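Enquirer: Take this sequence and fold it.
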Amino acid sequence: MSARRTFEVHEGCFFGISLQNSNFAPKKLHSMLTWISRRFDQCTVLVGDSIHRITLESTSSLAEPEATEAALRMGSDFLRDSRDLFDSVRDTVDLTFLRCSEVQQWVDYAHLHKELRQHWETDPAFRASVEGFARRYHESHAPDAERGQLDYRIRRSCEYFLEEFAIFACLRRRGLRVMVYPGSFSTLSEITRGEHVGTPKELQELIIVSLSLKGK
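Expert: Below is the predicted model:
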């Protein structure tokens, strides 16, 4: 049986949190935390604070310093506002909290991000996959965007994904193999299936558990 079918043999996972994403509304967050607590002994909650600056820059017209400040503040606010939900599962799962802004200070993050950036620049199939992932997202979330604005958002989303993938690779390097997230990452799933040879081996080794949320 493949590793992706036996993720529960692993004691720990990391759970990605995207800011300003309706999938992480309180009721849904509680359901996901409960699901995780029934299957894992330990979970690292990864809050996407610093990378959210790219979303704010491209959708809110904020300059980089203001976007970074706002994104870091949103990450802190999310952790504060969700404290009771996290506390509700602490008896059954050991939670550790980590912010993307912290991971991006690690030495190996810079190396992994550079490796991904170089691969994106030199491998047409990988670049097309990342760009296609970004395009599908923005065409569904901003269908009325003008062509120039859409192209800009796609470019910025590609940067977002490369930073995010480097962060995931850092966590895998530190022993966390299972990633839990609501929804899907088409490019990342392709990497784990061996479709993008040349990407960091840490990404190829990930086990992605995509949660399907129902209801409100």
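
Enquirer: For H52, give its distance to E159.
Expert: Computed with CB to CB, to the nearest Å, the distance linking H52 and E159 is 12 Å. From N, CA and C alone the C-beta is placed, and that goes for glycine too.

Enquirer: Now the lowest-mean-pLDDT helix or strand in the chain: buried residues?
Expert: Lowest mean confidence among the helices and strands of the chain (mean pLDDT, DSSP states H and E): helix 124-141, at a mean of 88. By neighbour count with 16 or more other CB atoms under 10 Å, helix 124-141 contains the buried residues F126, S129, V130, E131, F133, A134, R135, Y137, H138.

Enquirer: Show the secondary-structure elements that it is packed against.
Expert: Here helix 124-141 touches helix 107-122, helix 147-173, helix 186-192, going by 3 or more CB pairs under 8 Å, 6 or more residues apart in numbering; DSSP states H and E.

Enquirer: So for V47, which of those helices sits nearest?
Expert: Among those, helix 147-173 comes nearest to V47, with 10.9 Å by CB to CB.

Enquirer: tell me the mean pLDDT over the closest one?
Expert: For helix 147-173, the mean pLDDT works out to 93.

Enquirer: Could you list the buried residues of it?
Expert: Buried, per 16+ other CB under 10 Å, within helix 147-173: 150, 153-154, 156-173.

Enquirer: unless I'm mixing things up, S184 is touching V209, no?
Expert: No. Counting by CB atoms under 8 Å, S184 stays clear of V209, with 10.7 Å between them.

Enquirer: More neighbours: these two, which one.
Expert: Between S184 and V209, counted using other CB atoms under 10 Å, V209 has the larger neighbour count: 18 against 13.

Enquirer: count of residues packed around the residue nearest to the more buried one when sequence neighbours are not counted?
Expert: Nearest non-adjacent residue to V209, counting by CB to CB, 6 or more residues apart in numbering: V180, 4.7 Å away. V180 has 21 neighbouring residues, counting by other CB under 10 Å.
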